[in-house]
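>>> based on what follows, work out the 3D shape:
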Amino acid sequence: MGRRQTHWVRTEDRRPTRTGIKCLSIGFLLRWLFVHHLLLGPLCGPHRVYATLAAEEQSVGSNCHDIHLGFDVPSSLNAVTEAQVRDAPMTVTLTPATSRWKCCCWKAPNQSEEVECRCEGDALTRVPQTLQLPIQRLTIASAGLPRLRSTGLKVYGPTLLDVAFTDCLKLELIQDGAFANLTLLRTIYISNAPKLTFLSKDVFAGISETVEIIRIINSGLTSVPDLGHLPPHNILQMIDLDNNQITRIDTKSINVKTAQFILANNEISYVDDSAFFGSKIAKLSLKDNRKLTEMHPEAFNGIIDITELDLSSTSLVGLPSVGLQTIEALYIMNTHTLKTIPSIYNFRNLQRAYLTHSFHCCAFQFPSRHDPRRHALRMLEIEKWREQCNKGSRKERALLDNLEAQPEDFGSFGSTEPSVTEITPFPIASIDYMADSTNLGYFHEQITINPDDQSAEFCGNFTFRKPNIECYPMPNDLNPCEDVMGYQWLRISVWIVVALAVVGNVAVLTVILSIRPESTPVPRFLMCHLAFADLCLGVYLLLVASIDAHSIGEYFNYAYDWQYGLGCKVAGFLTVFASHLSVFTLTVITIERWLAITQAMYLNHRIKLRQAALIMLGGWLYSMLMSSLPLFGISNYSSTSICLPMENRDAFDTMYLIAILGCNGVAFSIIAVCYAQIYLSLGRETRQARQNNPGELSVAKKMALLVFTNFACWSPIAFFGLTALAGFPLINVTKSKILLVFFYPLNSCADPYLYAILTSQYRQDLFILLSKLGLCRQNALNYKHSSSAPATSRFTIHRHSSLTCKMQTVLSAEAQKMLKNGEDYV
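Purely as a prediction, here's the structure:
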C-alpha cells in the first residue's frame, strides 16, 4: 500500500479575512479522522481548520475549478465558522490521492443573504449530507447519482429554497416524498436527465406550500407526472415540462393552479377530452409538438381562466372551441396544416391573434360568412336580450340596435386601441433565477354578477361590445379575404387574356400539327413548343380566374383548400414551367432568325432540326427543374392566392427567385440584341423605307413590336422583383398583383398572333387544312399559286464589286423571302 503524503502550507494573513469559498468533500472518513487526531491536533491546538481556502470575494469562482478541492469531513464534525476562519493562523490544503467530485459553496451575488452550494463529479452517487452551512440553494451537477432518495434532502429542510439537478445522466428514480419536509422550498429544477422516464404518484407528497416553480426539462418523461399533491390553494409561477418524451395527455390528467404551464417540445400526438379539467392556468404552451395532429373537440373543457394559448409549430388541422372563451392572446404560428379556426363568437375576450395564415384573420372580420349558423344563433341571442332590455334605458336599446346593424365589420387588423372592458391583472410574485422566461401569465379578477339582476347586467356596456382584435399576418391583395382578383376591371381583363391565349395557341397547335410538310422546317418545330408553353400559361390563368369566380365575396373560406390543395400546386407548376419554356423558346427562335438573316451566305451556320430538338430537350429539362423546386421546399406555391413562388424565407429561396428573374433578364437581352442586329443587317434602304415600300417597313415594325411586347411584359416584373429582393420595394402589394396577374401572362396571349397567326404562311396552312374539310378551297388554291410564283425583290441592287454590297443584297433577299413565302414565322 503506497504511502500517503500530506502537504503543509503555513501562511501569515495580515489582512482582515472575509468568509470565502468553503470546499468540503465526503470520502476517506476513517483514514482522515486518524490523521486529524494525530497530526492536526497537536499542531494547531484550538485553532485547527479542516478545509479552508482563504480568498477574496471577487475571486470566489477561481477556487472551484480543481477537482481535488474536496475534503473528507466526518458527518459528526461541524463546518468551519466565519470566526474560525478569521482567527485561524494558517490555511491547510489537503489533497487526497483520488478525488473525483467536489462541493463548492458561496454567497449568491444577487442575493447576499443566500448561500449556494454546487456539487459535481461522476463519483457523486448520493446527495452530500455534511454540508452543515445554512444552505439556501443546492445544485447537483454532472453527477453519477442514480436515484434521489426520500431522505436525501431532509438534512437541509429548514433552510433549503432551491434544489437543482443538472446533467445527471444516470438519474432514473426519484423516491416518494423526496421533497417532503422542505418547509421553505421554492424551486425544483431538473434538467438533462434522459433516464428519468417516470415519476410515481407520491413523488410530490408532503411538498411545502411555498413551492413556486417546478421545472423538469430536457429529460425522458413519457407522461405528465401526477401533480395532485401540489398545494391546492396556491398558484404556482411555473410548471415546465419542456423537451421531454410525453406522448399524449389523457382525460383529466392535469389539475393544477399555475400562471404558466409549458408542455412544449414533446412528442404529444393527442390531447384527450377535458385533459385540463379543473385546472386554473393563465398561460398554456403546447408549441413545437410536431406530432400533435388532433385534439378532442372538448380538450380544453373545464379549464379555468386561461388567457394565453400557444399551439405554434404543431400539425393541428382544427382547433377545439370549447373552453377558450376567456383567451386574450392566441398563438398558432408556423402551423401550415391548420385548416379551420373557430368562430369569433367562441372567443369572448380575444384581443390578439398571431396565426399562420392571413385568411384565418378574415374569419374574425366576417363572422357571418365564416360560420353562418353560429352567426344566426348569435343574432337570435341578441334579439332575445333586446326584448328583455326593452324596458331598460334608451341608451341600452340603442346599443343593441347598433350591434345588430353592424354584424359584418366585426374586427380590425393591427389595431392597438384598448377594448371597452377594462381588465385588471392579478399580479404574480417575481420569477426565480432558474426560470428562462419572465413572460408569465396572469389571471383576471372575477366579476360577480348579481343573479337577482342578471338582465340589467347583461344589458350593460361590458357585455355587448364590438371586439377589436389584432390579428397577424394581415390580409393583403395577394392573400385577400373576399376576392382573388379584387377589382372588376382586372377580373374582366383576365378573362379576355384567357380567351385569347387559349384560343390562339390551340389554333396554332392545330394547324401546325395537322399540316405535315415533306420536311419540317425548324421555325415550325419551334413554334409548336412556343404555342404549347403559352397554352399552359393560359390554362394557369384559367384556373386562377375560375377560383376567383367560384369564391367571389368569401375567398377566405376556400383559401386553404385552394392554396394547400392540388389545384394551386398544378397552377403554380404550370405557370413556372410555361414561363421558362416560353422564354427559352423565344430566345431560340430569335437566335435561329438571327443566324438565318445575318449569316445568310453561310448555310452551315443555321440550326438544323436535330440540333433544335436537342436544344429544346434541354429547355424542357430546365423548365421542369425550375418548376419542381417549389414542390420540394425551395420557395412555395401556397404562399399566395395566385400560386406564384414568392416566399422568401432563407438563402435558398432568395437564390431561386434571383435565378428566375436573372434568366428572364438574360433572355430578354439576347432577344433585344439579336433583333437589333437583324434590323441593322437589312440595309439602309429598308431602314429608310416609306409608304411606297410597305414590305420592308413591315419587317422593322414586326421586329419593334416583338421586342416591345417582351420588354413590356418582363422588364417591370424583373425590375420591381429585384428591388424587392434587395430590401427596397418600390411598389405596394396592390400594384405588384396587377403586374403579376395581368402583365405577367400577357406574352402568352400575344405570342401566337405575333409569331404565327398574323403571318402569310399560317394563313396558307389554315386554308389548306380547311380545304381538306371541304371549306375555303378557293382561298387555299389562291395561296398555293401565290406561294409558287417567283419572289421579286423591291430592293435596289447596286452593282458594286465589294463583298459588302453582295452581302447586303443577299440579306435583303433573305428578308423578302421571309416575308413572302419562305421561313415565315418571324
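
>>> where are the low-confidence patches of the stretch 251-400 of the chain?
390-400 (pLDDT under 70).

>>> where along it do the strands fall?
Assigned by DSSP state E, counting those that start in this stretch, the stretch 251-400 of the chain shows strands spanning 257-262, 270-271, 280-285, 294-295, 308-310, 329-331, 352-354.

>>> how close does residue 213 sit to residue 262?
11 Å (CB to CB, to the nearest Å). C-beta: built from backbone N, CA, C; applies to glycine.

>>> what does residue 654 give?
Relative to residue 262, residue 654 is positioned 34 Å away (criterion: CB to CB).

>>> between those two, which one's more packed in?
Each of residue 654 and residue 262 had its neighbours counted (other CB atoms under 10 Å), and the higher figure belongs to residue 262 (23 against 14).

>>> which ones are touching the more buried one?
Residue 262 sits next to 238-242, 285 when contact means CB atoms under 8 Å, 6 or more residues apart in numbering.

>>> filter these down to the buried ones.
Neighbour counting with 16 or more other CB atoms under 10 Å marks 238-242, 285 as buried within the contacts of residue 262.

>>> name the residues contacting each of residue 213 and residue 262.
238-240.

>>> in strands, which of those appear?
Cross-referencing the shared contacts of residue 213 and residue 262 against strands under DSSP state E gives 238-240.

>>> in TSV, list those along with pLDDT.
Output for those, formatted as TSV (pLDDT from 0 to 100):
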residue	pLDDT
238	95
239	96
240	96
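
>>> which of these lies closest to residue 146?
residue 240 (23.9 Å; CB to CB).

>>> gap between that closest one and residue 526?
According to CB to CB, residue 240 and residue 526 sit 66 Å apart.

>>> then residue 469?
From residue 469 to residue 526 the distance is 56 Å (CB to CB).

>>> re the thing from before, dump the ones in strands among the shared contacts of residue 213 and residue 262 into TSV; add distance to residue 748 as well.
Listed next are those as TSV, based on distance: CB to CB, whole Å:
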residue	distance to residue 748
238	59
239	60
240	57
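
>>> show the subsequent helix or strand relative to the helix or strand containing residue 497.
Remark: residue 497 resides in helix 488-514, with elements defined by DSSP states H and E. Once the chain leaves helix 488-514, the next helix or strand it forms, by DSSP H and E, is helix 522-550.

>>> quick check, residue 191 in contact with residue 218.
Yes: Residue 191 lies in contact with residue 218 (CB atoms under 8 Å); the separation is 5.3 Å.

>>> who has more neighbours out of the two?
Set residue 191 next to residue 218 and count neighbours by other CB under 10 Å: residue 191 wins out with 19 against 16.

>>> which residues touch the more buried one?
Residues near residue 191 by CB under 8 Å, 6+ apart: 164-167, 215-219.

>>> what does the nearest residue to it once chain neighbours are set aside show for phi and psi?
Counting by CB to CB, 6 or more residues apart in numbering, residue 191 lies nearest to residue 166, which is 4.7 Å off, once chain neighbours are set aside. Backbone torsions of residue 166, given as degrees, to the nearest 10, read phi -120, psi 140.

>>> do I have it right that residue 166 meets residue 145?
No: assessed by CB under 8 Å, residue 166 is found out of contact with residue 145, at 11.0 Å.

>>> mind checking which of the two has more residues around it?
Ranked by neighbour count (other CB under 10 Å), residue 166 and residue 145 place residue 145 first, with 23 against 19.

>>> how about that one, secondary structure?
For residue 145, the assignment made with DSSP: H, G, I helix; E, B strand; the rest coil gives coil.

>>> which ones are touching the closest residue in space to residue 252 that isn't next to it in sequence?
Among residues not flanking residue 252 along the chain, residue 277 sits closest, at 4.6 Å (CB to CB, 6+ apart). Contact analysis of residue 277 by CB under 8 Å, 6+ apart lists 251-252, 255, 301-303.

>>> next: residue 290.
So residue 290 contacts 313-315 (CB under 8 Å, 6+ apart).

>>> those, buried ones only, as a ChimeraX selection?
Command for ChimeraX that selects the buried part of these, burial taken from 16+ other CB under 10 Å:
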select :313,314
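
>>> narrow the contacts of residue 290 to those in helices?
When the contacts of residue 290 are checked against helices (DSSP state H), there are no matches.

>>> closest to residue 271 among the contacts of residue 290?
Nearest to residue 271 among the contacts of residue 290, with distances taken as CB to CB, is residue 314, at 10.4 Å.
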